[in-house]
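J.: got a predicted structure plus its sequence, pasted below:
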Protein chains: 2
Amino acid sequence: MKFDDKIPIYYQIKTYLYHAMLTGKLQPGAQLPAVRQLAVDLTVNVNTVQRALAEMITEGTIVSQRGKGNFVTEDQARLAQLKETLVMSQLAQVYRQLHALNLSDTEIVASLQRYIEHREGQVDDKSIND
Amino acid sequence: MKFDDKIPIYYQIKTYLYHAMLTGKLQPGAQLPAVRQLAVDLTVNVNTVQRALAEMITEGTIVSQRGKGNFVTEDQARLAQLKETLVMSQLAQVYRQLHALNLSDTEIVASLQRYIEHREGQVDDKSIND
DNA sequence: TATAGTGTAATAGTTAAATAGAACACTAGG
DNA sequence: CCTAGTGTTCTATTTAACTATTACACTATA
């Protein structure tokens, strides 16, 4: 997997797993791939995977069962909250950045609409089961 | 200045200066604060400032004159191109992330509009002359 | 010509992220 | 009981970013 070298890998792994959990690729209660398998799939070290998982366990978005595996929480409210948080942080960031470039509220929305209309040839993938 | 510890400081300094250049706080041709002064203002090391500036010099967005100072380029076309690049990368990122969370094009625009309508009590600052 | 203010470069030390490798702890199933 | 498959922890090493400090190069001006 390709990572943005401006952001810690463990952090990008969290984002990757969040997306899998919030798009149905990993249903509530589902078992995650084994940490060693994830390390192979993502071409990173086991400890780096573990660091990402440790934070997610602390947050309660995944549940760890020693000897059995890691599982997506069944607490759907928590998952909904997670999605809300991720969406909001993205919106806040793009708004802050574009506003800092002197774009008005109207221009920000308009530029996003234009971007969506004119973008082309994008890939959509994201697979946790290859 | 407060930095996001998930992103290299020198990179955030570039963003900071770009914003100043693209919002009129630093006009085309204007002299930047001295590197040692910037280091004090941003509470970072001179070398970190220098690293950010070095990349900007390579890009041609600022021009260095040894013994005199660093200056914003007078090439307005380049500045316009810089702004376009920054705006586009922001839009691409928010679109990619929200799309990865299964939001449709329509939902992405709607969520941004909702965010802008309901956000409250934000600060807008950004000062290169305090 | 001396001095102060600029950018530039080099060296050395610190820290956090990531890696490699090993070991330990628990679970399930033969 | 043993073994294979899990998660967990630890130590050591490497690398990149950042810092601290010093020195050097150039410009303007008194």
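T.: Nice, I can see it. Numbering: from 1, shown residues only, chains lettered A, B, ... in the order given.
J.: since we're on A:Val49, how many residues are nearby?
T.: Per other C-beta atoms under 10 Å in any protein chain shown, the neighbour tally for A:Val49 reads 26. No exception for glycine: its C-beta is placed from N, CA and C like everyone else's.
J.: residues from chain A in reach of DNA strand D?
T.: Counting by C-beta under 7 Å from any atom of the strand, the positions of chain A adjacent to DNA strand D are A:5, A:32, A:34-37, A:46-47, A:50, A:53-54, A:57, A:64-70.
J.: repeat that for 10 Å
T.: Selection of chain A residues close to DNA strand D by C-beta under 10 Å from any atom of the strand yields A:5-6, A:31-39, A:45-47, A:49-51, A:53-54, A:56-57, A:62-71.
J.: where does the prediction get shaky in chain A?
T.: A:121-130 (pLDDT under 70).
J.: can you check my assumption that A:Val63 lies in a strand?
T.: Yes - with DSSP: H, G, I helix; E, B strand; the rest coil as the criterion, A:Val63 is assigned to a strand.
J.: pull up the gap between it and A:Thr48, please.
T.: Using C-beta to C-beta, to the nearest Å, A:Val63 is found at 20 Å from A:Thr48.
J.: go on, A:Leu103?
T.: Relative to A:Thr48, and taking C-beta to C-beta, A:Leu103 is found at 37 Å.
J.: phi, psi for the residue nearest to A:Gln27 when sequence neighbours are not counted please.
T.: Nearest residue to A:Gln27 in three dimensions, chain neighbours excluded: A:Val72, at 6.7 Å (C-beta to C-beta, 6 or more residues apart in numbering or on different chains). Main-chain torsions, A:Val72, degrees, to the nearest 10: phi -70, psi 140.
J.: which SS class is A:Asn70?
T.: A:Asn70 is classified as strand under three-state DSSP.
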